[in-house]
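J.: Take this sequence and fold it.
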Amino acid sequence: MATIFDVAKYYLNSIGELTTMKLQKLCYYAQSWSLAWDGEPLFDEDFQAWANGPVCPELFQAHSGRFKLPADFFDGYNFEFSAAQRETLDAIKEYYGKESSQWLSELSHKEVLWKTARGNTPVGERCSNVITKDSMQQYYSDLASL
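T.: Next up is the predicted model:
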């Protein structure tokens, strides 16, 4: 199975330099739609309901202290995605990739998943509650059926 770093590398290589926030959101939406469309996760790592939207702590740790990442930032990862996985990754890139990191953050803030995972955590406060893969699969599968 791929890791979130494989997915991050895929986006950095295909799009080029990205802000860390935008990369986090692209990975989040790739995981979400993979669960809905393909019925399985792209990677094992989880997302938490942070103040600026869904964040994968492992990915955050890897890029901590940086605002933007160059295309070659994750060059050590060489996972071979299946055709179905590449189709999902490319669909996410096509739809969400043209949007700004702020737009993606605001979109995630409107979603029930992030709000539910945050619970009663005040706006702007730290929150490490996990947005579960089961909830992601259910929410995005429901969206796909609309």
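J.: For burial, what's the neighbour tally of L143?
T.: Here the count is done by other C-beta atoms under 10 Å, and L143 has 12 residues near it. C-beta: built from backbone N, CA, C; applies to glycine.
J.: er, F73 actually
T.: 21.
J.: Show the pLDDT at it.
T.: For F73, the model assigns a pLDDT of 95.
J.: Enumerate every residue touching it.
T.: Taking C-beta atoms under 8 Å, 6 or more residues apart in numbering, we find F73 in contact with A8, K9, L12, H63.
J.: now these as CSV including pLDDT and secondary structure?
T.: Converted to CSV, these look like this (pLDDT from 0 to 100; DSSP: H, G, I helix; E, B strand; the rest coil):
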residue, pLDDT, secondary structure
A8, 97, helix
K9, 96, helix
L12, 96, helix
H63, 97, helix
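J.: And the furthest pair within the residues you listed?
T.: K9 and H63 (12.1 Å; C-beta to C-beta).
J.: show me the contacts for the residue positioned nearest the centre of the chain.
T.: The chain has Y28 as the residue nearest its centroid, 1.6 Å off, counting by C-alpha atoms, centre = their mean. Counting by C-beta under 8 Å, 6+ apart, Y28 touches F47, G53, P54, C56, S108.
J.: Those: which two are farthest apart?
T.: C56 and S108, at 12.7 Å, using C-beta to C-beta across the contacts of Y28.
J.: all strands for the chain, in order.
T.: Here the chain has its strands, by DSSP state E, at 18-19, 47-50, 53-55, 68-69, 130-131.
J.: pLDDT (mean, whole number) over the helix ranked longest in the chain?
T.: The single longest helix within the chain, with elements called by DSSP state H, is helix 20-37. Averaging pLDDT along helix 20-37 gives 98.
J.: same deal with stretch 125-137?
T.: The model assigns stretch 125-137 a mean pLDDT of 97.
J.: so how far does it reach from one end to the other?
T.: 26 Å (C-alpha to C-alpha, to the nearest Å).
J.: Pull out the buried residues from that stretch.
T.: In terms of neighbour count (16 or more other C-beta atoms under 10 Å), stretch 125-137 has its buried residues at C127, I131, K133, S135, M136, Q137.
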